[in-house]
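J.: prediction below, plus the sequence it came from.
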Protein chains: 2
Amino acid sequence: MAETTVGTKDEPILHGGDLDAARAAFPGAHEPWLDLSTGINPRPYPLPPLATDAWTRLPGRGEEEGLRRAAAGFYGAPSPDHVAAAPGSQALIQLLPRLRPPGTVAVLGPTYAEHAQAWAQAGHRVRTVAGLDELADADVAVVVNPNNPDGRILPPDTLSALAARRHAAGGWLVVDEAFAEVTPQASIAPRAGMPGLVVIRSFGKFFGLAGVRLGFVLAAPALAGTVSAAVGPWAVAGPALAIGTAALNDAAWAQDTRRWLEAAARRLDGVLAGAGLAVAGGTSLFRLAEDHRAPEFYSRLGRAGILVRRFADHPTRLRFGLPPDSDGERRLYVALAAK
Amino acid sequence: MAETTVGTKDEPILHGGDLDAARAAFPGAHEPWLDLSTGINPRPYPLPPLATDAWTRLPGRGEEEGLRRAAAGFYGAPSPDHVAAAPGSQALIQLLPRLRPPGTVAVLGPTYAEHAQAWAQAGHRVRTVAGLDELADADVAVVVNPNNPDGRILPPDTLSALAARRHAAGGWLVVDEAFAEVTPQASIAPRAGMPGLVVIRSFGKFFGLAGVRLGFVLAAPALAGTVSAAVGPWAVAGPALAIGTAALNDAAWAQDTRRWLEAAARRLDGVLAGAGLAVAGGTSLFRLAEDHRAPEFYSRLGRAGILVRRFADHPTRLRFGLPPDSDGERRLYVALAAK
């Protein structure tokens, strides 16, 4: 039984996207950097024109309702009352642990490390477990689906059964669907009305707008209302309301983007295969390579101004985000082949 | 002893800025509405050009450090380590009550109602008290300074003494300085290193950019660090980091703006006096009028498409934000004089 116990100490968690640190680690590397260290779509949703008063006025209640309606539609949640909006899914990861009295939490790992840290920070006893059955006796079970970084997918029926058991014991199942846009059939969002089920959605990854800060909880209306009340009024910035509403209502863009991401991920597989790197998992927003030469590849890419994601606990793993275009693909190909 | 006990029920709190509700209440009123219902500067800081990657990338650590440095300089806090940034001061009002075990809280009122509600919602026993001495025996004392809506100012020495007493008892003094930019001499921010003192600052009001969502806690580094850790990474959106840093570093704009606000507030006093309305308090960002005809004036202004702030518990009060220009001043003058 692989198990890690997380303390309340605030260790810095390694994340992708930190180009400042990359520049410091690889001085003189090729500029501009090609940042493949995140799972953020490199072809962002085109920003709609923003009215001046999106910046100057307090966001209106009607606008937030419009956003929640768009989110319910896009994610397939039963209704806007099943949606709570926040400035980023990370804000919700921070908040959820503070809405329950301290208890036991099991996180299906290895996965996005902020979940375990946030629950521990709020006073819960957190274990990272390797198997689904080990989630069963904690007050709160946390699953990232599809998982980051390996892309493992648990089917909605499995998760529904788990949520029902957690609810029967007074607990929650938290499902972080940060990358679920590219595998909508695996999303449990349409069942967000189930008691005890808390689904987290991230706006910035699929829409390529991580700087906007927008995320959602999908849950039964009473719980969604509790989350909204704890988040408080005017939580989502005026521009984020406008951009989020436009993007979530744009089904055609989403469909085209799913297709482009899938093709780009296949091309990335080809580039990695060319360097002899075996793809061990992932989604259409990122690929995970497993190779004993991973540290060497990481340094080689860094010297070439290409940042990928490594893992402190799994030094043989590297995660690759999608290059934005054929130039980026070529640059990655050349850098991987160099000695 | 005027005292109100706040329960945990989630009553909707009346706020300014809700034009949708105003339009519904006064169908057919003059458009566009003149919104004087908030204390937000109607002459916003000019938006700097925003790089595309402020929207697309995860906000960088270096950028957040730059923002905290700018905030420490502008507010006069001892160092950037005394600063925690969040997506709006309201987000911090929501968060602080969840960083302490349930206890007793005294709010010096009447004041901004979200404080009492947030502490109650998080399980604390909250009283709203009328006198400074009644703050002394609660775990946490909350003061808005200058106060909203009456503009009452407590001097830094008074608040320092209160903070020291609260700290000695293991508690906090929370000072919400949402409108303190226009009376910097009254700010306790330079003493933000005092243990037990938590200062909240709002970016959007003085800078006229309420839709950006940006706020700060100023406190001793350990407590500021606890707040930052609870807020979590990437809390402030990329555009908010860029705009906030530029604005907080622009001392010349701030000085000019203080002067303009002061003059505009004096002109507003003249307009109110012309209608026989006595100014009972306020700051250079809003004025409070006290008059038994307040409900009549509220309706008269509403029919003319001018929204001001009324108070459910104080029907004889109206709060007026600043008209943005002489047209707005004239429109208010005419509407107040009409029958």
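T.: Alright, I've got the coordinates. Residues are numbered from 1 along each chain as shown, chains lettered A, B, ... in the order given.

J.: so who does the residue lying closest to A:E31 once chain neighbours are set aside touch?
T.: Nearest residue to A:E31 in three dimensions, chain neighbours excluded: A:G305, at 6.1 Å (C-beta to C-beta, 6 or more residues apart in numbering or on different chains). Every C-beta, even on glycine, is put in place using the N, C-alpha and C of the backbone. Neighbouring residues of A:G305 by C-beta atoms under 8 Å, 6 or more residues apart in numbering or on different chains: A:F26, A:A29, A:H30, A:E31, A:P32, A:W33, A:L34.

J.: phi, psi of A:G305?
T.: The phi/psi pair for A:G305 (degrees, to the nearest 10) reads phi 80, psi 30.

J.: which bits of the stretch 1-150 of chain A sit near chain B?
T.: A:10, A:15-21, A:35, A:38, A:40, A:44, A:47, A:53-62, A:87-88, A:90-91, A:93-94, A:98, A:114, A:118, A:121 (C-beta under 8 Å from any C-beta of the partner chain).

J.: mind listing what A:R309 touches?
T.: Per C-beta under 8 Å, 6+ apart, neighbours of A:R309: A:G16, A:L36, A:S37, A:T38, A:P149, A:F286, A:L318, A:R319, A:F320, A:G321.

J.: what's the answer for A:L223, then?
T.: Counting by C-beta under 8 Å, 6+ apart, A:L223 has contacts A:P195, A:V198, A:V217.

J.: right, and A:V140 touches A:T104 too?
T.: Yes. A:V140 is within contact range of A:T104, at 7.4 Å (criterion: C-beta atoms under 8 Å).

J.: so between these two, which is more surrounded?
T.: A:V140 (24 against 15; other C-beta atoms under 10 Å in any protein chain shown).

J.: tell me the helix or strand right after the helix-or-strand element of chain A with minimal mean pLDDT.
T.: Within chain A, no helix or strand scores below strand A:3-6, which has a mean of 42 by mean pLDDT, DSSP states H and E. Scanning forward in sequence from strand A:3-6 by DSSP states H and E, the next helix or strand is helix A:19-25.

J.: give me the buried positions along that next one.
T.: A:L19, A:A22, A:R23 (16 or more other C-beta atoms under 10 Å in any protein chain shown).

J.: tell me the contacts of the nearest residue to A:D250 once chain neighbours are set aside?
T.: Excluding the flanking residues, the one nearest A:D250 by C-beta to C-beta, 6+ apart is A:Y45, at 7.3 Å. With contact set as C-beta under 8 Å, 6+ apart, A:Y45 has these partners: A:F207, A:G208, A:L209, A:I243, A:A246, A:A247, A:D250, A:W253.

J.: give me the buried subset of these.
T.: Judged by 16+ other C-beta under 10 Å, buried ones among the contacts of A:Y45: A:F207, A:G208, A:L209, A:I243, A:A246, A:A247, A:D250.

J.: of all the residues you listed, which two lie farthest apart?
T.: A:G208 and A:A246 (13.8 Å; C-beta to C-beta).

J.: host element of A:A106?
T.: strand A:104-108.

J.: partner strands of that strand and their direction?
T.: Its sheet considered, strand A:104-108 pairs with strand A:125-129 (parallel), strand A:140-144 (parallel) by DSSP bridges.

J.: surely A:E329 is in a helix?
T.: Yes. Under DSSP: H, G, I helix; E, B strand; the rest coil, A:E329 sits within a helix.

J.: tell me the pLDDT of the nearest residue to it once chain neighbours are set aside.
T.: Leaving aside its sequence neighbours, A:E329 sits nearest to A:P323 (C-beta to C-beta, 6+ apart; 4.6 Å). pLDDT, A:P323: 98.

J.: which ones are touching A:P323?
T.: A:P323 touches A:L34, A:L36, A:P42, A:A264, A:L268, A:V271, A:E329, A:R331, A:L332, counting by C-beta under 8 Å, 6+ apart.

J.: from B:S37, how far out is it?
T.: Going from A:P323 to B:S37 by C-beta to C-beta, to the nearest Å gives 49 Å.

J.: please apply the same query to A:L58.
T.: 10 Å.

J.: so what sits against both of these two?
T.: B:G16, B:G17.

J.: neighbour-wise, which of the contacts of A:G305 leads?
T.: Of these, with other C-beta under 10 Å as the count, A:L34 tops at 23 neighbours.

J.: pLDDT value on that residue, please?
T.: 97.

J.: report how many residues lie close to the nearest residue to it once chain neighbours are set aside.
T.: Excluding the flanking residues, the one nearest A:L34 by C-beta to C-beta, 6+ apart is A:I306, at 4.6 Å. Using other C-beta under 10 Å, A:I306 has 27 other residues around it.

J.: with A:A86 instead?
T.: Neighbours of A:A86 (other C-beta under 10 Å): 26.

J.: who does it bridge with?
T.: A:G215.

J.: is it true that it touches A:A235?
T.: Yes. Using C-beta under 8 Å, A:A86 is in contact with A:A235, at 5.6 Å.

J.: where in the stretch 151-300 of chain A is pLDDT low?
T.: Scanning the stretch 151-300 of chain A for pLDDT under 70 picks out nothing.

J.: my guess is A:P59 meets A:G238, correct?
T.: Yes. Look at A:P59 against A:G238 with C-beta under 8 Å: they come within range, at 4.9 Å.

J.: between those two, which contacts overlap?
T.: B:G211, B:R213.

J.: run through the strands of chain A in chain order.
T.: Counting by DSSP state E, chain A has these strands, from start to end: A:3-6, A:34-35, A:83-86, A:104-108, A:125-129, A:140-144, A:172-176, A:197-202, A:215-218, A:278-283, A:286-290, A:306-307, A:309-310, A:317-321.

J.: looking at these, which is nearest to B:A280?
T.: Nearest of the strands of chain A (C-beta to C-beta): strand A:83-86, 37.5 Å.

J.: show me which residues of the stretch 151-300 of chain A sit near chain B.
T.: Residues of the stretch 151-300 of chain A lying near chain B (C-beta under 8 Å from any C-beta): A:204, A:208-213, A:229-240, A:243.

J.: which positions within the longest helix seen in chain A qualify as buried?
T.: Secondary structure of chain A read by DSSP state H shows that its longest helix is helix A:251-274. Neighbour counts over helix A:251-274 (16+ other C-beta under 10 Å) mark A:A254, A:T257, A:R258, A:L261, A:A264, A:A265, A:L268, A:D269, A:V271, A:L272 as buried.

J.: could I get those as CSV with distance to B:G276?
T.: Below are the buried residues of helix A:251-274 laid out as CSV (distance: C-beta to C-beta, whole Å):
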residue, distance to B:G276
A:A254, 58
A:T257, 61
A:R258, 64
A:L261, 66
A:A264, 69
A:A265, 71
A:L268, 73
A:D269, 77
A:V271, 77
A:L272, 78
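
J.: domain-wise, how is chain A divided?
T.: The record's domain parsing of chain A by automatic domain parsing lists A:3-43+A:253-337, A:53-249.

J.: what's the most buried one of those domains?
T.: domain A:53-249 (a mean of 22; mean count of other C-beta atoms under 10 Å in any protein chain shown).

J.: ok, now which ones touch the residue most central in space within chain A?
T.: When C-alpha atoms, centre = their mean is applied to chain A, the residue found nearest the centroid is A:A178 (3.1 Å). A:A178 sits next to A:G39, A:S89, A:Y112, A:V144, A:N148, A:I200, A:R201, A:S202, A:K205 when contact means C-beta under 8 Å, 6+ apart.
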